[in-house]
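Visitor: Predicted model and sequence below, questions to follow.
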Amino acid sequence: MQAWKDYQSQNKDRFLEELLDLLRIPSVSADSKYKDDVKRCAEAVKDYMLKAGCDKAEVCPTAGHPIVYGEKIVDPKLPTVLVYGHYDVQPADPLNLWTSGPFDPVIKDGRIFARGACDDKGQMFMHIKALEVMAKTNSLPCNVKIMVEGEEEVGSNNLGIFLEQNKEKLKANVVLVSDTSMISMEHPSIESGLRGLAYMEVEVNGPNRDLHSGVYGGAVANPATILCKMIASMHDENNHITIPGFYDKVQVLSDGERKAINSAPFDLDEYKTELGVSDVWGEKGYTTLERTGIRPTLEVNGIWGGYIGEGAKTVLPAKANAKISMRLVPNQSSDEIADMFKAHFEKIAPAGVKVTVTAHHGGEAVVTPTDSPAYLAAAKAIMTTFGKEPIPTRGGGSIPIVALFEKTLGLKTVLLGFGLDNDNIHSPNEKYDVFNYFKGIETIPYFHKYFAETF
C-alpha cells in the first residue's frame, strides 16, 4: 500500500535512530550486574509500543526479568496476531574481539554493528515500527498483541508461567516471530521448523586440591584429561552421537524431503571461505544443510579447568568443567535426552573421578505446516516485497518458547525472520543490515493484511 511506503519513507531516519538508541542499552540477562539496564530496556520498549499506537502497554514483573506487553485492538471481531520477541541480549565477551563497542552501535558498509542488532532487538523492533506504520495510517487490518520478554537468552524460565496466568490476555489466532534468518536477500526464505535443545553442564572432580603435576602426574587421574576423553567418546568415527537411545525417536525424512532441503541455494566453498575453515565436519551420510537443520547434534559450548593465566603453572587441576548443548529434532524430548545424557556421562566416568551433571534448560523442536493460512500469508507478503517466492527451510537454532506457545496457547507460530546466518549472533561483531531492517518493516504489514484476509 502506498500509504505504508510513504510513512516509512518519511520516518526512515527516525526508525533507524530509535533502534540505535535501544541497542545502546546493555540488557544482558545472564549477568546480574546489568539488572537495572535490563529493566531500563523494558521501560524503553514499553514507551516505543505506546508511541507506535498501542492502546495500552505495560511492563509485567516476573520472578526474573520483566515481560513487556502491548496491544492494539481495532475490532474484537477481527483476527488477532500475537507478536513475540525478546529485548535481552547475550553477553558481549570476549570484548577484545569487537572492532567497536558492543553497546556503542556503529553503521559500517550499510550494517549495524552492536550486541542485539540482529538477535533480537533489530528484528523485534521491526514489528513495533510496522505497527506504527499501520496504526498511524489508519490501515491496521487486524488486532495486534506484542509480547517482548527479557529472559530468552537464559532459557525463558518465567515465560511459561506468564502464559499460563495470562491465557485470556494473550488470546490470538497465530504467533508471529522474527528471531530467525533468511538464506539471503536474493533468495528469501521462511524457516518452517526449528530444532529443540537440551543444555547441560558437567563437572569432573578428582583430588581434593590442585596438585603439583611433577609430584603427582601419572599417578592421579587428571580431571581435565578425563573430561576431554569422555567428551571425545561421545562421537564415533562417523561422527554419530554414542549416547545409547539418542537416535531412537529421531524423525527420518523421506528422500523427497531431503531433496527439497538440499535444493536451497548453497555454495560449500563460499561457506568454508566465510568461516575460515578448510573443510566441513559432521555426521557421515548427510549434507551440511541437513546437518544444520534436520539432524540432532552434540556440541561443547565451553570447557575449562586448571591454570589458564599468563605464563606457566605446572598444576594437576582438582576439577574440570564443560557446558554442552544438544540440538534436537522432532519427536525427541529434551527431558528424555537430558536424562540419557546424564546416565551415559555418569556411566563412562572412570574410577578415580566423580562427575556431576546439571541440566540447565531445554525446549522442543517445532514444525510449521507450509500449507497453513498463516504460512501462506507470510509467503505472499515476501512475494509482494521481494518479488520472489520464499524457500521453506529448517532452522538449526532453537526457540523453546515456540513449542510452549503451541502447548499452552494452542497457537502455531510463523517464523518470519530477516537475519542472515553470517550476522555473528552470540559472537563478537554482531551485525544487522540496515536494508534487512527496513525490508522487514516493509514486509510485516503485508503479513497482517494477507492473514486477515483468510478470515
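Guide: That came in fine, so what should we check first? Numbers count the residues shown, from 1 in each chain.

Visitor: ok, now how distant is residue 281 from residue 291?
Guide: Noted for residue 281: a distance of 9 Å to residue 291, by CB to CB, to the nearest Å. Any C-beta I mention is one placed from the backbone N, CA and C, and that applies to glycine too.

Visitor: Compare the two (neighbour count), which wins?
Guide: Using other CB atoms under 10 Å as the criterion, residue 281 and residue 291 rank with residue 291 on top: 18 against 9.

Visitor: Domain boundaries for this structure, per the record?
Guide: Using automatic domain parsing, the domain ranges for the chain come out as 2-194+365-452, 196-250+296-363.

Visitor: Relative to residue 257, which of the ones you listed is closest?
Guide: Closest approach to residue 257 among those is made by domain 2-194+365-452 (9.6 Å; CB to CB).

Visitor: ok, back up a step: which of the domains of the chain is buried the deepest?
Guide: Among the domains of the chain, domain 2-194+365-452 has the highest mean neighbour count (mean count of other CB atoms under 10 Å), at a mean of 20.

Visitor: What mean pLDDT does it get?
Guide: In this model, domain 2-194+365-452 has a mean pLDDT of 96.

Visitor: what about that domain, how long is it end to end?
Guide: Chord length of domain 2-194+365-452, first to last residue, is 19 Å (CA to CA, to the nearest Å).

Visitor: again, but for stretch 273-290
Guide: For stretch 273-290, the first-to-last residue distance is 19 Å (CA to CA).

Visitor: who touches that stretch?
Guide: Stretch 273-290 is touched from outside by 238-240, 258, 261-262, 264, 266, 268, 271-272, 291, 295, 297, 422, with contacts defined as CB atoms under 8 Å, 6 or more residues apart in numbering.

Visitor: Need phi/psi at residue 399.
Guide: Torsion angles at residue 399 (phi, psi; degrees, to the nearest 10) stand at phi -130, psi 90.

Visitor: Please tell me how far it sits from residue 123.
Guide: Distance, residue 399 to residue 123, by CB to CB: 12 Å.

Visitor: Spit out the residues that contact those two alike.
Guide: With contacts defined as CB under 8 Å, 6+ apart, the residues shared by residue 399 and residue 123 are residue 179.

Visitor: now, which of the contacts of stretch 273-290 sits nearest residue 24?
Guide: Closest to residue 24, out of all of the contacts of stretch 273-290 and judged by CB to CB, is residue 422, at 23.7 Å.

Visitor: Counting neighbours, what do you get for the residue nearest to that closest one when sequence neighbours are not counted?
Guide: Distances taken as CB to CB, 6 or more residues apart in numbering place residue 274 nearest to residue 422, at 6.0 Å, with adjacent residues excluded. Residues lying near residue 274 (other CB under 10 Å) number 11.

Visitor: Could you check how far stretch 30-38 is from the centre of its chain?
Guide: Centroid separation between stretch 30-38 and its chain, computed with CA atoms, centre = their mean, to the nearest Å, is 20 Å.

Visitor: meant to ask about stretch 257-268, not that
Guide: Here the centre of stretch 257-268 is set off from its chain's centre by 22 Å, with CA atoms, centre = their mean.

Visitor: Give me the contact list for that stretch.
Guide: With CB under 8 Å, 6+ apart as the test, stretch 257-268 has contacts from 183-184, 187, 189, 253, 280, 287-290, 293-294, 391-394.

Visitor: residue boundaries of the strands in the stretch 201-350 of the chain?
Guide: Per DSSP state E, counting those that start in this stretch, the stretch 201-350 of the chain carries strands over the ranges 211-212, 297-305, 315-316, 319-328.

Visitor: ok, now the stretch 51-200 of the chain?
Guide: Counting by DSSP E, counting those that start in this stretch, the stretch 51-200 of the chain has strands at residues 56-60, 67-72, 80-86, 106-108, 111-113, 143-149, 174-177, 181-182, 189-194, 196-205.

Visitor: So which elements touch the first one?
Guide: In terms of contact count using 3 or more CB pairs under 8 Å, 6 or more residues apart in numbering; DSSP states H and E, strand 56-60 is assigned the packing partners helix 35-52, strand 67-72.

Visitor: again with the fourth one
Guide: Applying 3+ CB pairs under 8 Å, 6+ apart, one finds that strand 106-108 makes contact with strand 111-113.

Visitor: The strand it packs on: how far from the chain's middle?
Guide: Distance, stretch centre to chain centre, for strand 111-113: 19 Å (CA atoms, centre = their mean).

Visitor: so which of the helices and strands packed on strand 56-60 gets nearest residue 310?
Guide: Smallest distance to residue 310 across these (CB to CB): 31.4 Å, for helix 35-52.

Visitor: Show me what that closest one packs onto, helices and strands only.
Guide: Judged by 3+ CB pairs under 8 Å, 6+ apart, helix 35-52 is in contact with helix 12-23, strand 56-60, strand 67-72, helix 121-136, strand 143-149.

Visitor: Return it as PDB; C-alpha atoms alone will do.
Guide: The C-alpha trace of helix 35-52 is given here as PDB (Å, rounded to 0.1, in the frame of the first residue of the first chain):
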ATOM      1  CA  LYS A  35      19.800  -6.000  36.100                       C
ATOM      2  CA  ASP A  36      19.000  -2.200  36.100                       C
ATOM      3  CA  ASP A  37      19.800  -1.900  32.400                       C
ATOM      4  CA  VAL A  38      17.500  -4.800  31.600                       C
ATOM      5  CA  LYS A  39      14.700  -3.100  33.400                       C
ATOM      6  CA  ARG A  40      15.500   0.200  31.700                       C
ATOM      7  CA  CYS A  41      15.300  -1.500  28.300                       C
ATOM      8  CA  ALA A  42      11.900  -3.000  29.200                       C
ATOM      9  CA  GLU A  43      10.700   0.500  30.000                       C
ATOM     10  CA  ALA A  44      12.000   1.800  26.700                       C
ATOM     11  CA  VAL A  45      10.300  -1.000  24.800                       C
ATOM     12  CA  LYS A  46       7.000  -0.100  26.500                       C
ATOM     13  CA  ASP A  47       7.400   3.600  25.600                       C
ATOM     14  CA  TYR A  48       8.100   2.700  22.000                       C
ATOM     15  CA  MET A  49       4.900   0.500  21.900                       C
ATOM     16  CA  LEU A  50       2.800   3.400  23.100                       C
ATOM     17  CA  LYS A  51       4.300   5.800  20.700                       C
ATOM     18  CA  ALA A  52       3.700   3.300  17.900                       C
END
